[in-house]
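Undergrad: output the structure for:
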Amino acid sequence: MEIRSLTADYAVSPQIAPEDVAAIAEAGFTTLICNRPDAEIPAEINAEAIRQQAEAAGLRFVLNPVVGGAITMENVLDQGRAINDSDGPVLAYCASGNRSSIVWALAHAGKRPTDELIAIPARFGYALEPFRPTLEQLANG
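TA: As a prediction, the model looks like this:
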């Protein structure tokens, strides 16, 4: 498991396993967001398996599956709500952390400068430049 902190309160990670959840809770996260659709992964690491471990560890678990290349405004709004409703740091995961970075950036359009929303994930190799027009449209929306 590789946690990549985008901000002090929001981090992303590639796919986690149920046995990773205790360490996530110990690291101080209070909310765990799954951005990976179950159709992409084996049953032993599906959302329900992670949810059970998260709830047992006292974490709030949010399922917001994001399909690569087909991010919806519902995904963006759900991610924003999950972040805003969290009572502490959030860890979101998908296959690589990219989709979790994209929905974070889109949810913060207009709240942070577009350049920052692109540059922060870029530190971890996430290329959000193609989302610049959407970020600017949402910011001016």
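Undergrad: any idea which helix is longest in this structure?
TA: Longest helix of the chain, by residue count under DSSP state H: helix 73-85.
Undergrad: now the element after that one, going C-ward?
TA: Scanning forward in sequence from helix 73-85 by DSSP states H and E, the next helix or strand is strand 90-93.
Undergrad: sheet partners, orientation included, of that next one?
TA: Using DSSP bridges, the strands paired with strand 90-93 are strand 10-13 (parallel), strand 31-34 (parallel).
Undergrad: wait, doesn't I3 sit right on V90?
TA: No: between I3 and V90 there is no contact under C-beta atoms under 8 Å: 11.2 Å. (C-beta placed from N, C-alpha, C; glycine too.)
Undergrad: circling back: how about the strands paired with strand 90-93, which one is nearest V21?
TA: Between V21 and these, the shortest gap by C-beta to C-beta is with strand 31-34, which sits at 7.3 Å.
Undergrad: next, count neighbours for the closest residue to A11 other than its chain neighbours.
TA: Spatial nearest neighbour of A11, excluding adjacent residues (C-beta to C-beta, 6 or more residues apart in numbering): S5 at 4.4 Å. Other residues near S5 come to 14 when the count uses other C-beta atoms under 10 Å.
Undergrad: could you do H108 as well?
TA: Number of residues near H108 (other C-beta under 10 Å) recorded here: 24.
Undergrad: who are the contact partners of it?
TA: H108 sits next to G80, L117 when contact means C-beta atoms under 8 Å, 6 or more residues apart in numbering.
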